[in-house]
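Engineer: pasting the structure only:
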């Protein structure tokens with residue numbers, strides 16, 4: 001009899017645990033509430049959104065603001081309804097941490113929780129990219145470093161690249177580049193761009209054997225994941241040119257203008 005009660009009690013506890021785990025795995029109301037924004041590059045429209053606990057929300061951009069409603073679905077997704085929008089007025093979103101992915105049936109758009117670590121890291125990286133495009137390499141490096149310290153993988157890679165390939169970099173800068181590439185490569189997959197940056201960092205500190213094997217990995221990854229085109233061929237030749245430098249025991253150094261790093 002006692003054994004039966006213990007088994008019954010254990011079953012209740014197990015069921016409660018399973019229900020709790022299931023609840024933890026699904027999006028909760030507090031996961032959605034608050035302000036969100038997009039971070040498009042190349043001067044595309046920046047969208048802002050805010051979700052309220054009464055089920056209302058809005059999205060806005062430079063031309064105005066559209067109000068709507070939202071609710072959680074049983075599968076953990078978020079249903080958004082914007083009656084004032086043309087086209088598809090019902091959108092579905094998934095939330096994971098500080099990232100929201102909204103699907104309108106044609107494309108997906110990633111949003112970040114405003115002022116979160118992810119948001120600040122992405123903003124710093126994009127600021128750095130604009131500064132680098134303007135040839136302001138010192139200022140770009142400062143922004144990339146800010147992004148890297150916030151854990152942004154793109155920022156880690158960009159900071160590492162500038163540090164590893166600048167003629168003005170010190171030995172300590174080059175060692176820091178290797179640390180930043182470790183951050184960039186800490187994700188789910190080893191992107192060939194990040195691997196190539198690591199190869200450049202290895203070469204800059206004289207670790208040419210590692211630079212050669214790492215650059216070879218980057219070339220193989222690029223070749224297997226890229227559709228053939230004239231642009232891809234040019235990029236492949238560039239990667240192979242760097243490999244030849246490493247094989248000759250030479251680092252790759254960028255040509256810089258205006259005396260900036």
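Structural biologist: Everything's here; your move. The structure displayed is predicted, hence computed values, not measured ones.
Engineer: Look at the closest residue in space to residue 91 that isn't next to it in sequence and say how many residues are nearby.
Structural biologist: Counting by C-beta to C-beta, 6 or more residues apart in numbering, residue 91 lies nearest to residue 80, which is 4.3 Å off, once chain neighbours are set aside. C-beta here means a position set from N, CA and C on the backbone, and glycine is covered the same way. Look at residue 80: counted by other C-beta atoms under 10 Å, it has 22 neighbours.
Engineer: For the nearest residue to residue 146 once chain neighbours are set aside, which residues are in contact?
Structural biologist: The shortest distance from residue 146 to any residue that is not its chain neighbour, by C-beta to C-beta, 6+ apart, is 4.3 Å, and that residue is residue 124. Contact analysis of residue 124 by C-beta atoms under 8 Å, 6 or more residues apart in numbering lists 143, 144, 146, 147, 150, 152, 155.
Engineer: can you give me phi and psi for the residue nearest to residue 91?
Structural biologist: Reported as degrees, to the nearest 10, the phi and psi values for residue 80 are phi -110, psi 140.
Engineer: my guess is it meets residue 94, correct?
Structural biologist: No - under the criterion of C-beta atoms under 8 Å, residue 80 is not in contact with residue 94, lying 11.6 Å apart.
Engineer: Low-confidence stretches in this structure?
Structural biologist: 1-25, 41-44, 84-88, 188-189, 256-261 (pLDDT under 70).
Engineer: Name every strand pairing with the longest strand along it and say which way it goes.
Structural biologist: Using DSSP state E to define each element, the chain has its longest strand at strand 64-72. Using DSSP bridges, strand 64-72 pairs in its sheet with strand 56-61 (antiparallel), strand 78-81 (antiparallel).
Engineer: gap between the two ends of stretch 70-79?
Structural biologist: Distance across stretch 70-79, first residue to last, is 5 Å (C-alpha to C-alpha, to the nearest Å).
Engineer: about what we covered before: the residue nearest to residue 146 - that's part of a strand, no?
Structural biologist: No - checked against DSSP: H, G, I helix; E, B strand; the rest coil, residue 124 lies outside a strand; its state is helix.
Engineer: Look up how far residue 45 lies from it.
Structural biologist: 20 Å (C-beta to C-beta, to the nearest Å).
Engineer: circling back to that earlier point, quick check: the gap between the residue nearest to residue 146 and residue 182.
Structural biologist: For residue 124, the distance to residue 182 under the criterion C-beta to C-beta works out to 19 Å.
Engineer: now the residue nearest to residue 146: how far from residue 148?
Structural biologist: Following C-beta to C-beta, the distance that separates residue 124 from residue 148 is 9 Å.
Engineer: quick one: the strands in the stretch 1-150 of the chain?
Structural biologist: The residue ranges that make up the strands of the stretch 1-150 of the chain, judged by DSSP state E, counting those that start in this stretch, are 34-37, 48-51, 56-61, 64-72, 78-81, 90-96, 99-103, 108-113.
Engineer: Kindly spell out which helices and strands sit in contact with the first one.
Structural biologist: Applying 3 or more C-beta pairs under 8 Å, 6 or more residues apart in numbering; DSSP states H and E, one finds that strand 34-37 contacts strand 48-51, strand 108-113.
Engineer: JSON lines for those, including distance to residue 255 and mean neighbour count?
Structural biologist: Conversion of the helices and strands packed on strand 34-37 to JSON lines gives the following (distance: least, C-beta to C-beta, whole Å; neighbours: other C-beta atoms under 10 Å):
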{"stretch": "strand 48-51", "distance to residue 255": "39", "mean neighbour count": "20"}
{"stretch": "strand 108-113", "distance to residue 255": "34", "mean neighbour count": "17"}
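Engineer: Perfect, that will be all.
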